[in-house]
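> mind looking at a prediction? Sequence and model below.
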Amino acid sequence: MSPEISDALEAEGIVEPFPIQELALPIALNGSDIIGQARTGTGKTLAFGLPLLQLSQREPGTAKRPRALVVVPTRELAIQVAADLTTASKRSGGRILTVYGGRSYEPQINGLQEGTDVVVGTPGRLLDLEKQKHLRLDGVASVVLDEADKMLDLGFLPDIERILTKTPAERQTMLFSATMPSEIVTLSRNYLTRPTHVRAGDDNEIDGSAITSRIAQHAFRTHQMDKPEMLARLLQAEDHGQSMVFCQTKRACDRVASDLKSRGFAAAAVHGDLGQSQRERALRAFRNGKINILVATDVAARGLDVDDVTHVVNYETPEDEKTYTHRIGRTGRAGRTGTAVTFVDWQEMPRWKLINGALDLDFHEPEETYSTSPHFFEALRIPKGTKGRLAEDKRGEHAGLEAEEIEDIGDTGQPRGGDRGERGGRRGRGGDRDRGRGKQGERRGGGRDRSRRRTRNGESVTGAGASAEKAGTTAPPSTERSSASEKGSDGEGTRRIRRRRRTRGARRDPENT
């Protein structure tokens, strides 16, 4: 590597390469295509990121167009990858730009106009910016697909193919993935040129079917009503530091995080229904140590790299063995040790048995466990006498989520409802919908004055009556309106008018019923 990049890494304490870096760097620096496989937390980001930085340093982009593109499946992973590349390029002057949904377009467009070397982004926002002619991909010399298996799970394959077809045919393509499904093999055949397949670790370890020696795994058969108490006691274990708690649904996420905060813990939730600024705020607070418990759905199971996560708790049993592997991979990273605990409810036993068999674990029949069970305290090194509420003297150790400021990132709205409002005013909510209805009323009315003014006794004054009232005179009954109402739209025929008048007590006037 260049001295500038090496010095920047050394300043961060990175001196020796991880196995995947040792295998991939010589090939990538030579400009060859790569398919890289390694389990989570083994340094894949720098394995493809350092060659991109070296390339941009050696061949600076022309006309401010990016020379390298990194495509990732989630917003959180985009932030993480960009942060790692920014760290490695501190002394070389590499320009890194992150683009993803949930943020306003303007800062990202400005960054592209000012010029950048490497763009890291999610497929949807990359295609949006390219369609708007703000992102030019014809000068890209290297493309990286990170966590390609996850992108396929999320249905991004058509978007990936569209992005690749917009880049030059003569390019370097690097594809990194923890697993190798058939779709990735097909993708590599269509878009990679004689790729070198490198694997760090044996096949079983890469595919997640072997027990990670650095992670102590536990599974307990639990009762739904006892889970909150068990979790609260587990989070007070002797070696407990930063922890991640995974739930299956967004609602469960909010419920667990709220319960932990009521028990005195510094916790926050991260899931897809939160605005992007709220998600980033919680992740920043977690990385900065202002909170030590992050309750998340699988949106954070990939790409989130926090050095000192000591415990991962599956509050609910994951869907399959791949999800389980990526969840527990948030701990025991970069050579550290960690603890993974899974709560298995009675109705979740069939699903857990499939996971246990696929990964060849030793918990075919998890032991029935309660928050008072001695083996639960012993296995997780929970001090005796620990209760389900954090002691008062320990509640000031973390500043809490409130201490982390909300960054104004120009949120485009929350997923679902917010995104619909962004795409078209017709489907917006609140004020936009009201404004649209007003314009629609003008169109339907053909320019007629439809303004209404309600008097104190409940009668409506319109048209000439309104003008007369403003002039201080009493207008006669609206004969013009009455005659028009009695006749049909074409002036022929008559119809009876049913006038109604409401009294102050909301009773109808019998005279007008």
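Nice, I can see it.
> would you map the strands across the stretch 101-250 of the chain?
Taking DSSP state E, counting those that start in this stretch, the strands of the stretch 101-250 of the chain run over residues 118-121, 142-145, 172-177, 196-199, 215-221, 242-246.
> please identify the most buried of the ones you listed.
strand 118-121 (a mean of 28; mean count of other Cβ atoms under 10 Å). From N, CA and C alone the C-beta is placed, and that goes for glycine too.
> tell me which strands it pairs with, and in which orientation.
strand 68-71 (parallel), strand 96-99 (parallel) (DSSP bridges).
> which residue, other than its chain neighbours, is closest to Leu129?
Nearest residue to Leu129 in three dimensions, chain neighbours excluded: Leu135, at 4.0 Å (Cβ to Cβ, 6 or more residues apart in numbering).
> ok so, going back, any idea which of the strands paired with strand 118-121 is most buried?
Neighbour counts (mean count of other Cβ under 10 Å) averaged over each of the strands paired with strand 118-121 peak at strand 68-71, with a mean of 26.
> could I have the CA atoms of it written out in CSV?
Output in CSV follows, covering the C-alpha atoms of strand 68-71 (Å, rounded to 0.1, in the frame of the first residue of the first chain):
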residue,chain,number,x,y,z
ALA,A,68,-14.9,3.8,-7.8
LEU,A,69,-18.4,2.6,-6.7
VAL,A,70,-19.4,0.5,-3.7
VAL,A,71,-22.9,-0.8,-3.6
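> how about low-confidence regions in the chain?
By pLDDT under 70, the weakly predicted segments of the chain are 39-41, 58-63, 201-213, 299-305, 307, 334-335, 408-513.
> the domain parsing of it - what is it?
Annotated domains of the chain cover 3-206, 215-389 [automatic domain parsing].
> what are the ranges of the helices in the stretch 151-300 of the chain?
Ranges of helices within the stretch 151-300 of the chain are 157-165, 182-191, 203-206, 227-234, 250-262, 276-287, based on DSSP state H, counting those that start in this stretch.
> quick one: closest of these to Leu69.
Judged by Cβ to Cβ, the one of the helices of the stretch 151-300 of the chain that comes nearest to Leu69 is helix 157-165, at 7.6 Å.
> could you list the buried residues of the closest one?
In terms of neighbour count (16 or more other Cβ atoms under 10 Å), helix 157-165 has its buried residues at 157, 159-160, 163-164.
> again, but for stretch 3-23
By 16+ other Cβ under 10 Å, the buried positions in stretch 3-23 come out as 4-6, 8-9, 14, 17-18, 20-21, 23.
> restricted to helices, list those residues.
4-6, 8-9, 20-21, 23 (DSSP state H).
> quick check, nearest of those residues to Glu321?
Ile20 (21.7 Å).
> what residues does the closest one make contact with?
Shown in contact with Ile20 (Cβ atoms under 8 Å, 6 or more residues apart in numbering): 36, 38, 42-44, 47, 198, 200.
> so what touches stretch 93-113?
Contact partners of stretch 93-113, identified using Cβ under 8 Å, 6+ apart, comprise 4, 53, 56-57, 64, 66, 75, 78-79, 82, 85-86, 88-89, 115-122, 124-126, 128-129, 132, 134-135, 275-276, 279, 409-412, 415, 419.
> now stretch 252-260: buried residues?
Of all the residues in stretch 252-260, those buried under the rule 16+ other Cβ under 10 Å are 252-257, 259-260.
> related to what we said a few turns ago, closest to Leu145 among the contacts of Ile20?
Gly36 (10.3 Å).
> quick one: secondary structure of that closest one?
Under the three-state scheme (DSSP: H, G, I helix; E, B strand; the rest coil), Gly36 adopts strand.
> look up which residues are beta-bridged to it.
Under the criterion DSSP bridges, Gly36 forms beta bridges with Phe176, Val198.
> how close does it get to His311?
29 Å (Cβ to Cβ, to the nearest Å).
> and these two? Which one has more around it.
Gly36 (27 against 24; other Cβ atoms under 10 Å).
> I'd say that one and Thr45 touch.
No - with contacts counted by Cβ atoms under 8 Å, Gly36 stays clear of Thr45, the gap being 11.0 Å.
> contact partners for Ala296?
Going by Cβ under 8 Å, 6+ apart, the list of residues near Ala296 reads 244-247, 253, 269-271.
> neighbours of the nearest residue to Glu348 once chain neighbours are set aside, how many?
Residue nearest to Glu348 in three dimensions, not counting chain neighbours: Thr317, with 4.1 Å by Cβ to Cβ, 6+ apart. For Thr317, the neighbour count with other Cβ under 10 Å is 24.
> quick check: Thr317 touching Gln347?
No - using Cβ under 8 Å, Thr317 is not in contact with Gln347, being 9.4 Å away.
> for Asp362, helix, strand, or coil?
Secondary structure of Asp362, per three-state DSSP, is coil.
> that one - how many residues pack around it?
As a burial measure, Asp362 scores 8 neighbours (other Cβ under 10 Å).
> repeat that for Pro350.
So Pro350, with other Cβ under 10 Å, has 8 neighbours.
> cool, Ile184 as well?
Ile184: 20 neighbours (other Cβ under 10 Å).
> quick one: contacts for the residue nearest to it when sequence neighbours are not counted?
Distance criterion Cβ to Cβ, 6+ apart; nearest residue to Ile184, sequence neighbours excluded, is Ala148 at 5.5 Å. Listed by Cβ under 8 Å, 6+ apart, the contact set of Ala148 reads 160, 175-177, 184, 187.
> mind picking the two most distant members of these?
Ile160 and Phe176 (13.3 Å).
> now the common contact residues for those two.
Common contacts of Ile160 and Phe176 (Cβ under 8 Å, 6+ apart): 145, 148.
> before we move on, the earlier item: which one of the contacts of Ala296 sits closest to Asp298?
Distance to Asp298, by Cβ to Cβ, is smallest for Phe246 among the contacts of Ala296, at 7.0 Å.
> from Tyr324, how far off is the closest one?
10 Å.
> joint contacts of those two?
314, 318.
> do you know which of the domains of the chain lies nearest Ala399?
Going by Cβ to Cβ, the one of the domains of the chain nearest Ala399 is domain 215-389, 4.4 Å.
> distance between the ends of the closest one?
End-to-end distance for domain 215-389, by Cα to Cα, to the nearest Å: 27 Å.
> stretch 66-82 too?
Stretch 66-82: ends 14 Å apart by Cα to Cα.
> list the contacts for the residue nearest to Glu348?
Here Thr317 is in contact with 342-345, 348, 351-352, 355 (Cβ under 8 Å, 6+ apart).
> now do Met151
Counted by Cβ under 8 Å, 6+ apart, Met151 has contacts 71-73, 123, 145, 157, 160.
> do Gln54 as well
Listed by Cβ under 8 Å, 6+ apart, the contact partners of Gln54 are 1-2, 5, 29.
> now His197
The neighbours of His197, taking Cβ under 8 Å, 6+ apart as the test, are 34-35, 37.
> need the helices for the stretch 1-150 of the chain, in chain order.
Going by DSSP H, counting those that start in this stretch, the stretch 1-150 of the chain shows helices at 3-11, 19-29, 44-58, 75-88, 105-114, 123-131, 148-153.
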